[in-house]
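need a structure here:
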Amino acid sequence: MSARPIKRSLTLRGHRTSVSLEDAFWQAFREIAEEKAVALNVLAAEIDAGRGIETGLATAIRLYVLAHYRDGISQKQ
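Residues are numbered from 1 along each chain as shown. Below you'll find the predicted structure:
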């Protein structure tokens, strides 16, 4: 797994964009989309719609992944 961010392409509401994410975050993002049974681009669009104007999409995805796994730990306790 690469620790360096890798640029990846997404389509958000019909527009192509790219995000730079580390392999671990990209894999976790894909796993969450599969768990929720939604397309990766759909989940990315949801995250994009909910992020603040000062927050980049890659950062928003990382924070979403972190929150997802933190919530999972909290529910187990």
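
make it CA atoms for all contacts and neighbour counts henceforth
Will do.

tell me which element the residue positioned nearest the centre of the chain is part of?
Nearest to the geometric centre of the chain sits residue 61, at 3.2 Å (CA atoms, centre = their mean). Element membership for residue 61 (DSSP states H and E) is helix 57-76.

need the pLDDT of the residue nearest to the centre of the chain.
The model reports residue 61 with a pLDDT of 97.

hang on, the earlier thing: by contact count, what packs against the helix holding residue 61?
strand 15-21, helix 23-36, helix 40-50 (3 or more CA pairs under 8 Å, 6 or more residues apart in numbering; DSSP states H and E).

how far off centre is stretch 60-77?
12 Å (CA atoms, centre = their mean, to the nearest Å).

using PDB, list the CA coordinates for it.
The C-alpha trace of stretch 60-77 is given here as PDB (Å, rounded to 0.1, in the frame of the first residue of the first chain):
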ATOM      1  CA  ALA A  60     -14.000  15.500   3.300                       C
ATOM      2  CA  ILE A  61     -13.700  11.900   2.100                       C
ATOM      3  CA  ARG A  62     -10.900  11.200   4.700                       C
ATOM      4  CA  LEU A  63     -13.100  12.800   7.500                       C
ATOM      5  CA  TYR A  64     -16.100  10.700   6.300                       C
ATOM      6  CA  VAL A  65     -14.000   7.500   6.500                       C
ATOM      7  CA  LEU A  66     -12.700   8.400   9.900                       C
ATOM      8  CA  ALA A  67     -16.200   9.200  11.200                       C
ATOM      9  CA  HIS A  68     -17.600   6.000   9.800                       C
ATOM     10  CA  TYR A  69     -15.100   3.800  11.600                       C
ATOM     11  CA  ARG A  70     -15.200   5.900  14.800                       C
ATOM     12  CA  ASP A  71     -19.000   5.500  14.800                       C
ATOM     13  CA  GLY A  72     -18.600   1.800  14.400                       C
ATOM     14  CA  ILE A  73     -16.300   1.600  17.400                       C
ATOM     15  CA  SER A  74     -18.700   3.700  19.500                       C
ATOM     16  CA  GLN A  75     -21.600   1.500  18.700                       C
ATOM     17  CA  LYS A  76     -19.700  -1.600  19.900                       C
ATOM     18  CA  GLN A  77     -18.900  -0.100  23.300                       C
END
